[in-house]
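Student: Need coordinates for the following:
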Amino acid sequence: MSNFATIFLLFDVAGLLAVILLFILYFNKSRKLKKMLKKNNPEEGKGSGVVDDDDNDDDNYLEEETKNMNRIELQSKEEAVREEKGGGLIFMEEEEAASFELDDLLKASAEGLGKGIFGNSYKAMMEGRSAIVVKRLRDLKPLSYEEFRKQLSVISEMKHPNLLPLVAYYYSKEEKLLLYKFAEKGNLFNRIHGGKGNKDRIPFRWGARLSVARGVARALEYLHLKNKSQTIVPHGNLKSTNVLLDDNDMVLVSDYGMSSLLALPIAANRLASYKSPEYQASKRVYKKSDVWSYGGLILELLTGRVQAHTAPPGTKGVDLCSWVHRAVREEWTAEIFDIEISVQRSSTPGMLKLLQIAMRCCDKSPENRPEMTEVVREVENIKLVESEDDEDLSLDQSLTDESLSTSASGIMGDER
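Tutor: Model prediction:
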């Protein structure tokens, strides 16, 4: 073969390779162009029945990623708007959602109910529906909307006949509101102490007080069973002002699960569980700090005296656990029980049993306090004597009989 033939053959081969290379480049460009057109014109190709198998995975991945990015961006914008300006009311139950809106609440007539640990409370009365309690929160630790929402979601999942249900909440950067149903008969503190000495006061008898002790115990047991941790206080602020009574005298425990919304310094200064012996000694609270609070509440219920650890601002009280021990030791046990129940002589054995339970709950050592399941069982076993025929209204009636002396000895044996 001549040199020219060799050269021409080489040129032919080179040309063929160039054509193949150009074809490959054109094919790749065509695929990229098709992707761009498909992305910009999502309706194109619909109904044609033609599917590019090679592109399916890439297209689906890109589409899903785009959706995720858009969703994240939208959620961030929504949260920022909610934190700054606030949205509407967020209802816990669907059936309540359509009953009223934020504008209706703002137009409602309001009555101040008082100032509590978490803020001021108001009774809002809207036309055509039952009254609502609005709790205006203050002094909370810094919380994003998502953190606030999660905590209230946990609270709303706590459902028990003796727990006051959360109806709705409102969140903005400047304002946070909780909405509850209104309890017609007020709180236990006012039922025990309100109007004493007045002729028009309705006596708070033993049967009603035992019913309260049972209802609170059941509610606390439920909260403790839902929370397995020993180092988390399920309620955290159990006291007589947080125990409510509806129009049927049903016991409703409020303010449960709220302690986690407060910064530690504020919680330690205000919440009932942080007044417990264990916090004073080791700066720690436990699940059984709630049990200690229950014991103090029952002593307030039995004695009719204000508990110092949970007394409202401006109200003087006494350390009831220490006071009962001293009463037994110095043998002035006739003064332990409130006069409104001490006159019910046939009910004395039940009162003594409840007193013993309360004193065990008040033990200085958390390990020696009973579990709430045990407390419920023992309180439920106290027999209620329906008859009050043996009532003696004399203020000089003594309770220093043999049964009281025996029970008092048991209480003294528990003192530490």
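Student: Please write out the alpha-carbon positions of the helix or strand harbouring E278 in CSV.
Tutor: In the assignment (DSSP states H and E), E278 maps to helix 277-282. Coordinates of the C-alpha atoms in helix 277-282 are reproduced here as CSV (Å, rounded to 0.1, in the frame of the first residue of the first chain):
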residue,chain,number,x,y,z
PRO,A,277,-37.5,18.2,102.6
GLU,A,278,-35.4,16.6,99.9
TYR,A,279,-35.1,19.8,97.9
GLN,A,280,-34.1,21.7,101.0
ALA,A,281,-31.5,19.1,101.8
SER,A,282,-30.1,18.2,98.3
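Student: in it, what's buried?
Tutor: 277-279 (16 or more other C-beta atoms under 10 Å). Glycine gets a C-beta too; all of them are placed from N, C-alpha and C.
Student: Which neighbouring elements make contact with the helix or strand following it?
Tutor: The helix or strand immediately downstream of helix 277-282 is helix 288-303, counting by DSSP H and E. In terms of contacts (3 or more C-beta pairs under 8 Å, 6 or more residues apart in numbering; DSSP states H and E), helix 288-303 is packed against helix 188-193, helix 206-226, helix 277-282, helix 320-329, helix 348-361, helix 372-380.
Student: same thing but at 7 Å, please
Tutor: helix 206-226, helix 320-329, helix 348-361 (3 or more C-beta pairs under 7 Å, 6 or more residues apart in numbering; DSSP states H and E).
Student: So for E335, which of those sits nearest?
Tutor: Among those, helix 320-329 comes nearest to E335, with 6.2 Å by C-beta to C-beta.
Student: What's the mean pLDDT across the closest one?
Tutor: Mean per-residue pLDDT for helix 320-329: 93.
Student: Compare the helices and strands packed on helix 288-303 and say which comes out lowest on pLDDT.
Tutor: helix 320-329 (a mean of 93).
Student: Can you point out the buried residues in it?
Tutor: For helix 320-329, by 16+ other C-beta under 10 Å, it's 320-321, 323-325, 327-328.
Student: tell me which residues in whichever helix or strand comes after that helix are buried?
Tutor: Next helix or strand after helix 320-329 toward the C-terminus (DSSP H and E): helix 339-342. By neighbour count on 16+ other C-beta under 10 Å, the buried set for helix 339-342 is 340-342.
Student: what do you get for stretch 189-209?
Tutor: 189, 191-193, 204, 206, 208-209.
Student: Now for these: which two are most distant?
Tutor: F189 and W206 (18.5 Å).
Student: Run through the protein and note the low-pLDDT ranges.
Tutor: In the predicted model, the chain carries pLDDT under 70 at residues 1-87, 95-98, 230-231, 386-416.
Student: Now do the strands in it.
Tutor: For the chain, the strands defined by DSSP state E cover 90-91, 109-116, 119-125, 132-137, 166-171, 176-181, 243-245, 251-253.
Student: I'd like to know which of those lies nearest to L264.
Tutor: Taking the strands of the chain one by one with C-beta to C-beta, strand 132-137 is closest: 17.1 Å.
Student: Including distance to P312, could the buried residues of helix 339-342 go into a markdown table?
Tutor: Putting these into a markdown table (distance: C-beta to C-beta, whole Å) gives the following:
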| residue | distance to P312 |
| --- | --- |
| E340 | 21 |
| I341 | 23 |
| S342 | 25 |
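Student: List the contacts of stretch 280-291.
Tutor: For stretch 280-291, contacts defined as C-beta atoms under 7 Å, 6 or more residues apart in numbering pick out 220, 224, 230-235, 238, 273-274, 276, 278-279, 361, 366, 369-370, 372.
Student: Could you report the separation of the residue nearest to T241 when sequence neighbours are not counted from N242?
Tutor: Excluding the flanking residues, the one nearest T241 by C-beta to C-beta, 6 or more residues apart in numbering is F189, at 4.6 Å. Counting by C-beta to C-beta, to the nearest Å, the separation of F189 from N242 is 9 Å.
Student: pretty sure I266 is touching D139, no?
Tutor: Yes. Assessed by C-beta atoms under 7 Å, I266 is found in contact with D139 at 5.4 Å.
Student: Of the two, which one has the most company?
Tutor: I266 (17 against 13; other C-beta atoms under 10 Å).
Student: Could you pull up the residues touching the more buried one?
Tutor: D139.
Student: The same query, at a cut-off of 8 Å, please.
Tutor: 139, 141 (C-beta atoms under 8 Å, 6 or more residues apart in numbering).
Student: Quick check: the gap between it and R138.
Tutor: For I266, the distance to R138 - C-beta to C-beta - is 10 Å.
Student: In space, what's closest to the most centrally placed residue in the chain - neighbours in sequence excluded?
Tutor: By C-alpha atoms, centre = their mean, the mean C-alpha position of the chain lies nearest to G257, the distance being 2.9 Å. Nearest residue to G257, sequence neighbours excluded (C-beta to C-beta, 6+ apart): I155, at 4.3 Å.
Student: for S273, same thing?
Tutor: S273 sits nearest to S289 (C-beta to C-beta, 6+ apart), 3.9 Å away.
Student: any idea how far Y279 is from the one you found?
Tutor: For S289, the distance to Y279 - C-beta to C-beta - is 7 Å.
Student: list the residues that contact both of those two?
Tutor: In contact with both S289 and Y279: S273, using C-beta under 8 Å, 6+ apart.
Student: coming back round to it: verify the contact between the residue nearest to T241 and G317 for me.
Tutor: No. Look at F189 against G317 with C-beta atoms under 8 Å: they stay out of range, at 10.6 Å.
Student: count of residues packed around K159?
Tutor: Using other C-beta under 10 Å: K159 sits among 10 other residues.
Student: Who are the contact partners of it?
Tutor: Per C-beta under 8 Å, 6+ apart, neighbours of K159: P165.
Student: burial count for the residue lying closest to Y274 once chain neighbours are set aside?
Tutor: Once flanking residues are discounted, Y274 sits nearest to A268: 4.6 Å by C-beta to C-beta, 6+ apart. Per other C-beta under 10 Å, the neighbour tally for A268 reads 15.
Student: domains of the protein?
Tutor: 76-181, 186-385 (the TED database).
Student: okay, the ones you listed, which one's buried deepest?
Tutor: Of all those, domain 186-385 has the most neighbours on average by mean count of other C-beta atoms under 10 Å, namely a mean of 19.
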